[in-house]
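**Q** Got a sequence here, can you model it:
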Amino acid sequence: MFQPLTKCASQLGLVFLLISSFNQAFSQQASATSVETGENSQRSLSVAKSEAKEAADPSSIVASFVAAEKRVRDALNQHTFKRDAVLQTIGPNGEVTGEYVRNSQFLFDDRGRRIEKVLFHPESTIREMRITREDIQDLAGGQLLGIDIVEATKYRLSYAGTETIDSHQVFAIDVTPTTEPNPKRMKERYFVGRVWVDCDTFQILKIKGIVEPQGKQRFPIFETWREPIKNALAFPTRTEADDVLHFRERDVHYRIRVRYYDYQIFASKVTINEMDEPLSDTSPPQTKETSPKRNDALPTIKQAPTMIHTRKQDEVCTTNRNAPPTGPYHWPADTEVKVYFARDMFTPEQRAALLKAVKTWTRVEQEAGSGVSFIDAGVTDGPMSCQGCLTVKRREVQADNKRYYALFNPMKRDDGRLLFSAWIDLDFRIVDPKALEGFMAHELGHGLGLWDCPRCKKKQSIMNSFPGINQHNGLIAPSSCDLATMKIVYQEARQFAAAAVRAGSAVALRRPQAVPVSRERQIPGGTPGPK
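**A** Numbers count the residues shown, from 1 in each chain. Sure thing, here's the model as predicted:
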């Protein structure tokens, strides 16, 4: 399952039980000490390098690793960060058959405890199996950090010699629990695998292993990479898994892609009143295999509201009240999007109404800071897959699913968030020009990083639900809170792009092209309801 021990490790055959104790766990209250910076950080690195030179035996290497990992954990305990997680099932031809998306921000509450604020979490489309509480626990635990080094008696660390990763010589250390994981106590999770440690700083560069116990569930072998983020300290940047899970009735090809980013020092306490609720103990989603005929879906996770102040002094935008959540994708900043209309599907009056929505979003691009403009590119006989191309067409959307009137379809993406091309489906029965203008404005919003907001108050967001197939939702243009949310999306996008240039490599983790589409739900009687 894991890489075999090197020849050096076979000769040594040494297993060392850590007996040191530490005061602080990752899930406990944040440290009261300050993060090492400047001269102190450099002094720590110098000491670590000195220790490396003096490390003449495996026990010294393991002890130096433990000390370095404690320094990293102490620093990480004082940082907030964001995590984008995508869990997928893969078909026999490599196609994505289901997807679970969970984008979160990890903060501290007013008691200093680390908490997860879910930013984006659409309904899961995975059907071959069910995502469980243990999967979510592993995302924030073993898969993020690997060995729980602060629990000294929980693991045995065995020095396995030196290896080479990306042309760099590193120390390899195998990790096994001191006690056998109990499948009847699934909440007690254990990492089993190997870590690779820098020979100079003794910080982890890579983790590979699995989280146990498994019980009736199945979990993949994963790899997590760390890179220098803060003052030469290596923080987690990505986790990946691509494994076949063997259930009793069948095998399921399972893939995980996670990225960690936007590490910020935590300087003050915050109070968050509305958070992601834990999964119920009475009816938890199972990570067990499910029947192909069963239509299991996770309950919708409540998103914590984000407060945004607009230029109007008395206006506060709150997510899911008068401002939409952010979506998983958007057109790249400063892009000119070419809008194509399907031939013979719209009357001149209807096409003129659709173009009004196109011009509306172009007019506000400076205020929103996107730099995204839209131009009329004429007609087409089929979806255009060129870069920066958007095709608008019709089909019987509601006939396929009675709840929906229109669909936004990402055709292709350059990386984790950036759209390459897309198309919009409008139901044939939407014929009223004003309604078409409202639907079009809503759909264009999806391509600009905005998600549906069925819980928003009426006439507060263009991303609200629609009361009827030939009725708009009260708006035909984005609200000030829509623009405020969009501004945040593109501010972060520009920050990521600048970071990528500085680092010399792409920051965003590549995701597959097959993604869930945005669906506009029919709300009978005009009553807003959950999507």
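
**Q** in stretch 165-177, what's buried?
**A** The neighbour-count criterion (16 or more other C-beta atoms under 10 Å) identifies Val170, Phe171, Ala172, Ile173, Asp174, Val175, Pro177 as the buried residues of stretch 165-177. Where C-beta positions appear, they are placed from N, C-alpha and C, glycine not excepted.

**Q** now, which of these sits nearest Pro348?
**A** Distance to Pro348, by C-beta to C-beta, is smallest for Val170 among those, at 66.7 Å.

**Q** Please, which helix or strand holds the residue nearest to that closest one when sequence neighbours are not counted?
**A** If the residues on either side of it in the chain are set aside, Val170 comes closest to Trp196, at 4.5 Å by C-beta to C-beta, 6 or more residues apart in numbering. With secondary structure defined by DSSP states H and E, Trp196 is part of strand 190-198.

**Q** Now that strand: average pLDDT?
**A** Per-residue pLDDT over strand 190-198 has a mean of 91.

**Q** contact partners of that strand?
**A** The set of residues that contact strand 190-198 without belonging to it, under C-beta atoms under 8 Å, 6 or more residues apart in numbering, is 2-3, 61, 65, 68, 142, 146-148, 154-155, 160, 163, 165, 168, 170-177, 181, 203-213, 221, 234.

**Q** Give the next helix or strand downstream of it.
**A** Tracing the chain past strand 190-198, the next element assigned as helix or strand by DSSP H and E is strand 204-212.

**Q** which regions of this protein lie under the pLDDT threshold?
**A** For the chain, the stretches with pLDDT under 70 are 1-56, 109-112, 142-143, 145-152, 230-231, 267-315, 415-416, 499-531.

**Q** could you pull out the helices for it?
**A** 7-12, 38-54, 58-76, 133-140, 142-145, 348-363, 365-368, 397-400, 433-446, 480-503 (DSSP state H).

**Q** just checking, which of the buried residues of stretch 165-177 belong to strands?
**A** Secondary structure of these is defined by DSSP state E; positions in strands are Val170, Phe171, Ala172, Ile173, Asp174, Val175, Pro177.

**Q** So which of those residues is the closest to Thr335?
**A** Out of those, the one with the shortest distance to Thr335 is Val170. That distance is 41.1 Å, counting by C-beta to C-beta.

**Q** Tell me the bridge partners for the closest one.
**A** The residues paired with Val170 through beta bridges, assigned by DSSP bridges, are Glu163, Asp198.

**Q** Contact partners for it?
**A** So Val170 contacts Thr162, Glu163, Thr164, Trp196, Val197, Asp198, Cys199, Leu205, Lys206 (C-beta under 8 Å, 6+ apart).

**Q** which of those are buried?
**A** In those, burial by neighbour count holds for Glu163, Trp196, Val197, Asp198, Cys199, Leu205, Lys206, counting by 16+ other C-beta under 10 Å.

**Q** Same list, these, but as JSON lines with distance to Tyr405 please.
**A** Rendered in JSON lines, the data for the buried ones among the contacts of Val170 read as follows (distance: C-beta to C-beta, whole Å):
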{"residue": "Glu163", "distance to Tyr405": "56"}
{"residue": "Trp196", "distance to Tyr405": "52"}
{"residue": "Val197", "distance to Tyr405": "55"}
{"residue": "Asp198", "distance to Tyr405": "55"}
{"residue": "Cys199", "distance to Tyr405": "60"}
{"residue": "Leu205", "distance to Tyr405": "50"}
{"residue": "Lys206", "distance to Tyr405": "48"}
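
**Q** Which two of the residues you listed have the greatest separation?
**A** For the buried ones among the contacts of Val170, the farthest-apart pair by C-beta to C-beta is Cys199 and Lys206; their separation is 13.4 Å.

**Q** Next, the distance between the ends of stretch 466-481.
**A** From its first residue to its last, stretch 466-481 covers 18 Å (C-alpha to C-alpha, to the nearest Å).

**Q** chain center to it: distance?
**A** 29 Å (C-alpha atoms, centre = their mean, to the nearest Å).

**Q** returning to that earlier point: kindly reformat the helices of the chain as TSV containing mean neighbour count and distance to His253.
**A** Written out in TSV, the entries for the helices of the chain read as follows (neighbours: other C-beta atoms under 10 Å; distance: least, C-beta to C-beta, whole Å):
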stretch	mean neighbour count	distance to His253
helix 7-12	13	32
helix 38-54	14	41
helix 58-76	20	32
helix 133-140	20	16
helix 142-145	24	18
helix 348-363	17	39
helix 365-368	16	40
helix 397-400	15	27
helix 433-446	24	29
helix 480-503	18	30
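
**Q** To Phe108, which of the ones you listed lies closest?
**A** For the helices of the chain, the distance to Phe108 is smallest for helix 58-76, at 12.2 Å, taking C-beta to C-beta.

**Q** Packing partners of that closest one?
**A** For helix 58-76, the helices and strands in contact under the criterion 3 or more C-beta pairs under 8 Å, 6 or more residues apart in numbering; DSSP states H and E are strand 16-17, helix 38-54, strand 155-165, strand 168-177, strand 190-198, strand 204-212, strand 233-246.
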